[in-house]
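Novice: following is a predicted model, sequence given first.
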Amino acid sequence: MSIDPDRLRRGEWIAGAGGVLLLVVLFLTDWYSVGPFGVDGWHGHTILRWFMLLTIVAALALFLTCATQETPAIPSALAPVTTAIALVTTVLLAYRVLINEPGPNEFVSVEIGAWLGLLSSALVTYGGYLAMRIEGGPLPDVPVRQRSVSEPSPPA
């Protein structure tokens, strides 16, 4: 089993990049600050951290299975799962970052890490959606020539 980047399409690249970005941002940037003290994403969330971790795993699994599998069966099954997990995480992060940050709102300020975490989760959602749409999307437009009533029908 070898990694072939030529097997990856735009959706898998976006989901993989979003997953890696979320992994980096989750541990290495401050999401919230209370006075002079900063809190990263892992320590700033209790339950939501597990959703973010699951999103990272799903995004990287989609990326790696698309890059290593010769048949599209497993990647086709992972795209909707990745999209659903990332969508739930994005909605929960949007609530936590935009509406109700942890702690009293007058003391806690939202830092750049929270915005990058929300963006990276949205990237995984969008990438999973693109991967899912490309796999099971509609057939390409095929021009259909209208027959007149006087034309004989083609042989079957």
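Specialist: Structure's in. What do you need? It should be emphasised that the depicted structure is a prediction, and the values quoted were computed from it without experimental measurement.
Novice: which residues touch the helix or strand that contains residue 86?
Specialist: Element membership for residue 86, per DSSP states H and E: helix 73-94. Around helix 73-94, the neighbours that count as contacts under C-beta atoms under 8 Å, 6 or more residues apart in numbering are 11-12, 15, 18, 48, 51-52, 54-55, 58-59, 61-62, 65-66, 69, 114, 117-118, 121-122, 124-125, 127-129, 131-132, 135-136. (Each C-beta comes from the backbone N, C-alpha and C, glycine too.)
Novice: the longest helix anywhere in the chain: which residues count as buried?
Specialist: Using DSSP state H, we find that the single longest helix of the chain is helix 112-136. Across helix 112-136, burial judged by 16 or more other C-beta atoms under 10 Å covers 113-118, 120-132, 135.
Novice: output the contacting helices and strands for it.
Specialist: helix 10-28, strand 30-34, helix 41-44, helix 48-68, helix 73-94 (3 or more C-beta pairs under 8 Å, 6 or more residues apart in numbering; DSSP states H and E).
Novice: out of the ones you listed, nearest to residue 4?
Specialist: Each of the helices and strands packed on helix 112-136 has some distance to residue 4 by C-beta to C-beta; the shortest is helix 48-68, at 6.1 Å.
Novice: give me the helix or strand of the chain that scores worst on average pLDDT.
Specialist: strand 108-110 (a mean of 85; mean pLDDT, DSSP states H and E).
Novice: helices or strands next to that one in the packing?
Specialist: Judged by 3+ C-beta pairs under 8 Å, 6+ apart, strand 108-110 is in contact with strand 30-34.
Novice: got a list of what residue 56 touches?
Specialist: 19, 22-23, 26.
Novice: give me the buried subset of these.
Specialist: Among the contacts of residue 56, the ones that count as buried by 16+ other C-beta under 10 Å are 19, 22-23, 26.
Novice: which pair in these has the greatest spatial separation?
Specialist: 19 and 26 (10.5 Å).
Novice: in this protein, which segments are predicted with low confidence?
Specialist: Across the chain, residues meeting the criterion (pLDDT under 70) sit at 1, 72-73, 134-156.
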